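Q: sequence-free structure coming up:
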Ligand SMILES: Nc1ncnc2c1ncn2[C@@H]1O[C@H](COP(=O)(O)OP(=O)(O)OP(=O)(O)O)[C@@H](O)[C@H]1O
């Protein structure tokens, strides 16, 4: 039986525990007790255990340092690896890190090339609407790479998926679309074709700034290339233009970004794709025909903008300049409907920094959290403590607070449970 089996022994992290429990209701764990009457032994020798038999025990927060960064919780996971939150100890900036295992990359078709390409490209770029690659760390011993990026609170795809109507009000879509065009114009001016513009690759920072991210399949045009001709693409099928669906050999790179931005705008406004198919072959058949039918809810001037961006022939398709001068782009739709919010992160609407519990474990070395009290409380109760130079003060929700613990003033810090990845080098 698995009665005493704690989830952490299965090797899952906290957030994975919640996810898996929600999705399946029960777990499979390794327990080798032959008396198991309730569990089911399958062909592979695993015992099925119901969720009520599992003791949920939070994994201890163990502070992990990567260079000058303190690592927090997992923010998300893509096909290349996990993304975790970070705190830069020098600047106190909140960051996100994509953790890539080289062994895993080798198993993904073009995995290593895509990552190398992404790093090279991102290092060249600096724009308000393009995700910034802040640092690259490599741990040769562990065969891991850490891409440190600007921290974002979420992406447009997650926002849509978590909103009841699964679409944005026009004013909100307009705000994001304008920023997308600003970022795209910058990329094209640098000779970069993104090739995978879609809501899932458009992230938002805490102040609502849109960041174009995921340059894994982007292409930097040759400096001396006469035009933007490209020959390959690996973007998401639903966002591909007719020329790709019809398998042409070469195509205008910039015009494929215009098309996918048009599909993105359509999706932000309607919550649906302009071209559909049960499978990728049917989808490409539909895209390849290029017969656009806009629903009645899309009225002028938005109608003619989408029509111009989703023209079957790339030569007839709008350029960025035409989009910029279009009446819908210039307009400011009224904020008549309430905004779709950024979804909560594991139930936390405020997206509180997840690094703090690790720092608390680091500084106090126990599960006991420090007690946070206001400066006034502190002055009333422990006047001497308030003057203590060892007291650490911080700001919380605009009010001044001071942290105190009973053990704080006594001697040196307790044993620090910290894993330091000293082998990291910046590249
Ligand atoms: N800079 C960031 N700040 C905060 N969260 C991020 C950041 N970058 C990525 N994430 C989160 O991590 C998840 C995984 O991102 P990643 O770019 O690795 O993959 P993806 O684009 O979702 O998928 P794939 O790589 O398979 O196309 C994202 O869905 C997002 O929730």
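A: Here it is on my side, so go on. Predicted model, so just to flag it, every value in this text is computed and none were measured. Residues are numbered from 1 along each chain as shown.

Q: ok, the closest residue to residue 324 other than its chain neighbours to the ligand distance?
A: Among residues not flanking residue 324 along the chain, residue 181 sits closest, at 6.7 Å (Cβ to Cβ, 6 or more residues apart in numbering). For glycine as for every other residue, the C-beta is placed from the backbone atoms N, C-alpha and C. From residue 181 across to the ligand, the span is 21 Å (Cβ to the nearest ligand atom, to the nearest Å).

Q: next one: stretch 250-266 to chain centre, how far?
A: 22 Å (Cα atoms, centre = their mean, to the nearest Å).

Q: may I see the buried residues of it?
A: For stretch 250-266, burial by neighbour count (16 or more other Cβ atoms under 10 Å) applies to 251-266.

Q: my read is that residue 124 contacts residue 191, right?
A: No - counting by Cβ atoms under 8 Å, residue 124 stays clear of residue 191, with 9.8 Å between them.

Q: what residues are shared contacts of these two?
A: By Cβ atoms under 8 Å, 6 or more residues apart in numbering, residue 124 and residue 191 have these common neighbours: residue 220.

Q: neighbour count: the two, which is higher?
A: residue 191 (16 against 11; other Cβ atoms under 10 Å).

Q: phi, psi of that one?
A: Backbone geometry at residue 191, expressed as degrees, to the nearest 10, gives phi 80, psi 30.

Q: do a quick rundown of the helices in this structure.
A: Listed in chain order, the helices of the chain (DSSP state H) span 14-24, 102-107, 111-124, 156-161, 170-189, 242-245, 253-270, 280-289, 302-309, 320-324, 327-330, 356-364, 375-381, 383-387.

Q: can you list contacts of the fourth one?
A: When contacts are defined by Cβ under 8 Å, 6+ apart, helix 156-161 is touched by residues 166-168, 176, 198-200, 202-204, 210, 267-268, 271, 340-343.

Q: closest to residue 85 out of the buried residues of stretch 250-266?
A: Closest approach between the buried residues of stretch 250-266 and residue 85, by Cβ to Cβ: residue 264, at 26.5 Å.

Q: so who does the closest one touch?
A: Residue 264 sits next to 177, 180, 197-199, 202, 239 when contact means Cβ under 8 Å, 6+ apart.

Q: give me that answer again for 10 Å
A: 156-157, 173, 176-177, 180, 197-202, 239, 309 (Cβ atoms under 10 Å, 6 or more residues apart in numbering).

Q: kindly report the same for residue 92.
A: Contact analysis of residue 92 by Cβ under 10 Å, 6+ apart lists nothing.

Q: phi and psi next, for it.
A: Residue 92 adopts backbone torsions of phi 60, psi 20, taken as degrees, to the nearest 10.

Q: and it, what's its pLDDT?
A: Note for residue 92: predicted pLDDT of 94.

Q: how far away is it from residue 196?
A: Here residue 92 is placed at a distance of 33 Å from residue 196 (Cβ to Cβ, to the nearest Å).

Q: the residue nearest to residue 324 and residue 329 touch, don't they?
A: Yes - counting by Cβ atoms under 10 Å, residue 181 touches residue 329, with 7.2 Å between them.

Q: list residues touching both of the two?
A: Jointly contacting residue 181 and residue 329 under the rule Cβ under 10 Å, 6+ apart are residue 323.

Q: report pLDDT for residue 359.
A: 86.

Q: same question, residue 323
A: For residue 323, the pLDDT comes out at 98.

Q: what's around it, how many residues?
A: Other residues within reach of residue 323, judged by other Cβ under 10 Å, total 22.

Q: just for the stretch 301-427 of the chain, where's the confidence low?
A: Across the stretch 301-427 of the chain, the ranges flagged by pLDDT under 70 are 366-427.

Q: try 80 this time
A: Counting by pLDDT under 80, the stretch 301-427 of the chain shows low-confidence ranges at 365-427.

Q: let me see the ranges of the strands in it.
A: Secondary structure of the stretch 301-427 of the chain (DSSP state E, counting those that start in this stretch): strands located at 371-374, 392-396, 399-404, 418-421, 425-426.

Q: what residues does the stretch 201-350 of the chain put near the ligand?
A: Proximity of the stretch 201-350 of the chain to the ligand is confined to 201, 203, 213-214 under the rule Cβ under 6 Å from any ligand atom.

Q: tell me who's in contact with the residue in the chain that the ligand sits nearest to.
A: Nearest residue of the chain to the ligand, counting by Cβ to the nearest ligand atom: residue 78, 2.0 Å away. Residue 78 makes contact with 98, 100, 200, 214, 216 under the criterion Cβ under 10 Å, 6+ apart.

Q: reformat those as JSON lines; add neighbour count and pLDDT.
A: Converted to JSON lines, the contacts of residue 78 look like this (neighbours: other Cβ atoms under 10 Å; pLDDT from 0 to 100):
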{"residue": "98", "neighbour count": "24", "pLDDT": "95"}
{"residue": "100", "neighbour count": "23", "pLDDT": "94"}
{"residue": "200", "neighbour count": "19", "pLDDT": "96"}
{"residue": "214", "neighbour count": "21", "pLDDT": "93"}
{"residue": "216", "neighbour count": "22", "pLDDT": "88"}
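
Q: pull the most distant pair out of these.
A: Using Cβ to Cβ, the contacts of residue 78 reach their maximum pairwise distance at 100 and 200, which is 18.4 Å.

Q: ok so, going back, and the contacts of residue 78, which is closest to residue 302?
A: For the contacts of residue 78, the closest approach to residue 302 (Cβ to Cβ) belongs to residue 200, at 22.3 Å.

Q: next one: the closest one from residue 230, what distance?
A: For residue 200, the distance to residue 230 equals 21 Å [Cβ to Cβ].

Q: and if you look at residue 313?
A: Taking Cβ to Cβ as the measure, residue 313 falls 17 Å from residue 230.

Q: next: residue 148.
A: Distance from residue 148 to residue 230, counting by Cβ to Cβ: 29 Å.

Q: neighbour count winner among those two?
A: residue 148 (23 against 19).

Q: spatially nearest residue to the more buried one, not counting backbone neighbours?
A: Spatial nearest neighbour of residue 148, excluding adjacent residues (Cβ to Cβ, 6+ apart): residue 135 at 3.9 Å.
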